[in-house]
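**Q** starting from these lines, generate the structure:
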Amino acid sequence: MDLSGNAQQVWIFLGESDQWHGRPLSLALLELLKRNGIAGGTVLRGIAGYGAHSFIHTASLVELSSDLPIVVTFVDRPDRIARVMPDILEMVREGLITTTPVEVIKYTSRAIGPFPAHLTVADVMTRQVVSVRPDTPVAEIVALLIDRALRSAPVVDAENRVIGIITDGDLLTRGATELPLALQRELSLAERAATIETLATHRHTAADLMTPNPVTLRETTPLAEAAAVMADRGLKRIPVVDAQQRLVGMVSRSDLLATVAEGLRQRPATPIRQPDGAPKTVGEIMITDVPTVQPDTPLAETLDRLLETDKRRVIVVDGERRVVGIITDGDVMRRAAKRVRPGALRALAAWFGGGARPPGLEVAAEGRTAADVMTSPVVTLPTNAPIADAVRLMMAHKIKRIPIIDADGRLVGMVGRAGVLAALSRG
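**A** Numbering: from 1, shown residues only. Below you'll find the predicted structure:
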């Protein structure tokens with residue numbers, strides 16, 4: 001925040017017992033100053049004093065020691081003080097308020113890293129964790145993950161110690177399921193029930209499917225260290241354990257980015273500290289190989305393009321490469337669910353999951369284009385936007401990727417949560 005040259009200092013004289021809506025008035029005033037972007041504020045406690053009633057309040061008199069003098073003071077530009085003063089006058093019903101002109105010689109602050117140094121994994125993790133035992137059948141695991149909208153579950157022993165983890169990828173690569181969990185959730189209840197019924201005939205258990213000895217974090221791990229581990233290992237979520245290696249929570253990439261976003265919300269004028277050489281803009285971390293289609297691209301061709309990328313996303317651009325929409329496999333499933341018979345929807349989902357191309361796809365998609373299934377409008381950022389802006393938008397809009405555009409509004413790349421967290425973990 002810029003503060004230099006001529007300014008004003010405000011002095012607010014109160015009593016220690018003064019209240020505002022059941023809270024100490026001095027703290028309520030500080031919060032008011034913070035909400036209004038005032039440069040800073042200080043509360044001073046006097047050892048003696050008297051006001052309009054001429055009673056001397058002093059710490060040496062036991063009977064009056066609970067109402068010692070309190071002074072709230074702050075310095076800022078006259079225009080900012082003028083904006084907040086009506087609220088201060090309403091809150092201070094009894095006391096003295098003065099202002100004095102001051103000259104600000106120096107006003108600086110230490111840059112703050114993206115992750116608050118005083119927070120640990122225990123402060124941001126999810127504590128209500130769904131876990132399974134080694135002998136849990138695969139049908140029960142899949143039903144649990146679909147019903148709770150989860151992507152993974154830790155596997156624990158009888159002492160609640162983490163011995164493995166089962167992810168969406170484990171289920172697919174080891175042949176337990178044919179469809180990613182996210183796509184299975186788009187199926188009808190009857191189709192999901194049929195899937196679980198089929199899995200009930202399988203003899204696989206968690207011990208057969210899990211990744212053993214997964215990466216874990218102690219609950220006392222600083223957030224910056226957790227982010228570095230997550231970025232280096234390419235993980236989206238990690239089990240959290242106590243000193244005895246017992247499961248106590250799960251921390252995710254989203255948990256860490258949400259913490260960064262909250263810090264940005266509380267300190268909008270304070271830049272994130274990053275070391276020299278670390279990327280600072282989205283243009284420095286974006287990927288440039290972004291699959292695209294045009295609004296009038298036939299739907300069957302659009303779906304082929306969608307399957308060419310492991311991210312299962314294509315950007316829809318106009319003739320001048322300006323972003324007009326985005327398509328994910330989930331978008332297609334949700335919109336197709338209203339138009340096709342259940343069996344065809346499952347075939348489409350299986351295709352997205354790596355299965356065979358559904359027969360008759362071209363006929364079913366005839367006359368439809370990318371514009372019919374895209375999500376629009378799309379959140380974008382220019383190449384020179386700070387990485388902090390990407391964090392804000394991803395958390396505010398609950399999106400995982402943002403297309404990046406040049407000065408003329410043309411698509412030049414895309415950033416995802418993994419790239420953003422990796423950049424922040426270098427701070």
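
**Q** how far away is the spatially most central residue of the chain from Val391?
**A** By CA atoms, centre = their mean, the mean C-alpha position of the chain lies nearest to Ala258, the distance being 3.1 Å. According to CB to CB, to the nearest Å, Ala258 stands 9 Å off from Val391. Where you see a C-beta, it was placed from the backbone N, CA and C, and this is true even at glycine.

**Q** could you list the low-pLDDT ranges of the stretch 201-350 of the chain?
**A** 268-271, 274-276, 333-350 (pLDDT under 70).

**Q** do the stretch 1-150 of the chain as well
**A** 1-2, 52-54, 56-66, 109-112.

**Q** please enumerate the strands of it.
**A** 5-15, 19-20, 23-24, 42-45, 48-49, 57-58, 69-76, 96-104 (DSSP state E, counting those that start in this stretch).

**Q** and those strands, which is most packed in?
**A** Compared across the strands of the stretch 1-150 of the chain, strand 69-76 shows the largest average neighbour count, a mean of 21 (mean count of other CB atoms under 10 Å).

**Q** send over that strand as PDB, restricted to the C-alpha atoms.
**A** Extracted C-alpha coordinates of strand 69-76, given in PDB (Å, rounded to 0.1, in the frame of the first residue of the first chain):
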ATOM      1  CA  PRO A  69      -8.000   4.600  29.200                       C
ATOM      2  CA  ILE A  70      -7.700   3.100  25.700                       C
ATOM      3  CA  VAL A  71      -6.400   5.000  22.700                       C
ATOM      4  CA  VAL A  72      -6.900   3.800  19.100                       C
ATOM      5  CA  THR A  73      -4.700   5.600  16.700                       C
ATOM      6  CA  PHE A  74      -3.900   5.200  13.000                       C
ATOM      7  CA  VAL A  75      -2.300   7.100  10.100                       C
ATOM      8  CA  ASP A  76      -3.500   7.300   6.500                       C
END
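
**Q** partner strands of it, parallel or antiparallel?
**A** Sheet pairing for strand 69-76, assigned by DSSP bridges, gives strand 5-15 (antiparallel), strand 42-45 (antiparallel).

**Q** what sits up against the first one?
**A** When you say that, I think you mean strand 5-15. For strand 5-15, contacts defined as CB atoms under 8 Å, 6 or more residues apart in numbering pick out 25-26, 29, 49, 51, 57, 67-78, 81, 85, 88, 92, 94-104.

**Q** what's the angle between that strand and strand 96-104?
**A** Angle of strand 5-15 versus strand 96-104, following axes from the mean of the first three to the mean of the last three CA atoms, to 10 degrees, is 150 degrees.

**Q** and Val314, which of the strands of the stretch 1-150 of the chain is closest to it?
**A** Taking CB to CB, strand 69-76 is the member of the strands of the stretch 1-150 of the chain nearest to Val314, at 49.1 Å.

**Q** what distance separates that closest one from the centre of its chain?
**A** How far strand 69-76 lies from its chain's middle: 36 Å, per CA atoms, centre = their mean, to the nearest Å.

**Q** identify all contacting residues around it.
**A** In contact with strand 69-76 (CB under 8 Å, 6+ apart) are residues 3, 7-16, 18, 25-26, 29-30, 33, 38-46, 48-49, 51, 57, 102, 104.

**Q** returning to that earlier point: save the strands of the stretch 1-150 of the chain as CSV, and put in distance to Val121 too.
**A** As requested, those are arranged in CSV below (distance: least, CB to CB, whole Å):
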stretch, distance to Val121
strand 5-15, 40
strand 19-20, 36
strand 23-24, 31
strand 42-45, 33
strand 48-49, 46
strand 57-58, 46
strand 69-76, 35
strand 96-104, 40
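
**Q** nearest to Ala371, of these?
**A** Nearest to Ala371, of those and by CB to CB, is strand 69-76 at 50.8 Å.

**Q** next, count neighbours for Asp289.
**A** Counted by other CB atoms under 10 Å, the residues lying close to Asp289 total 7.

**Q** next, it: phi, psi?
**A** phi -90, psi 80 (degrees, to the nearest 10).

**Q** re the thing from before, please tell me I have it right and the residue nearest to the centre of the chain contacts Val124.
**A** Yes: using CB atoms under 8 Å, Ala258 makes contact with Val124 at a distance of 7.5 Å.

**Q** what residues are shared contacts of the two?
**A** By CB under 8 Å, 6+ apart, no residue touches both Ala258 and Val124.

**Q** so which of the strands of the stretch 1-150 of the chain gets nearest Asp289?
**A** strand 69-76 (48.1 Å).

**Q** partners of the residue lying closest to Thr220 once chain neighbours are set aside in the sheet?
**A** Of all residues not flanking Thr220 in the chain, Thr120 sits nearest, at 5.2 Å (CB to CB, 6 or more residues apart in numbering). On the basis of DSSP bridges, Thr120 is bridged to Pro222.

**Q** could you count how many residues lie near Thr120?
**A** Thr120: 20 neighbours (other CB under 10 Å).

**Q** equivalent analysis for Gln184, please.
**A** 23.

**Q** OK, contacts around it?
**A** Val142, Ile146, Thr177, Arg192, Thr195, Ala349.

**Q** same question for Glu197.
**A** Contacts of Glu197 (CB under 8 Å, 6+ apart): Ala139.

**Q** and the one 10 residues further on, by the same measure?
**A** Contacts were defined as CB under 8 Å, 6+ apart; by that measure Ala207 touches Pro134, Asp135, Val155, Gly164.

**Q** pretty sure the second one is touching Ala206, no?
**A** Looking back up the chat, that one is Asp135. Yes: applying CB under 8 Å, one finds Asp135 in contact with Ala206, separated by 7.1 Å.

**Q** which one of the two is surrounded by more residues?
**A** Neighbour count, other CB under 10 Å: between Asp135 and Ala206, Ala206 has more, with 25 against 9.
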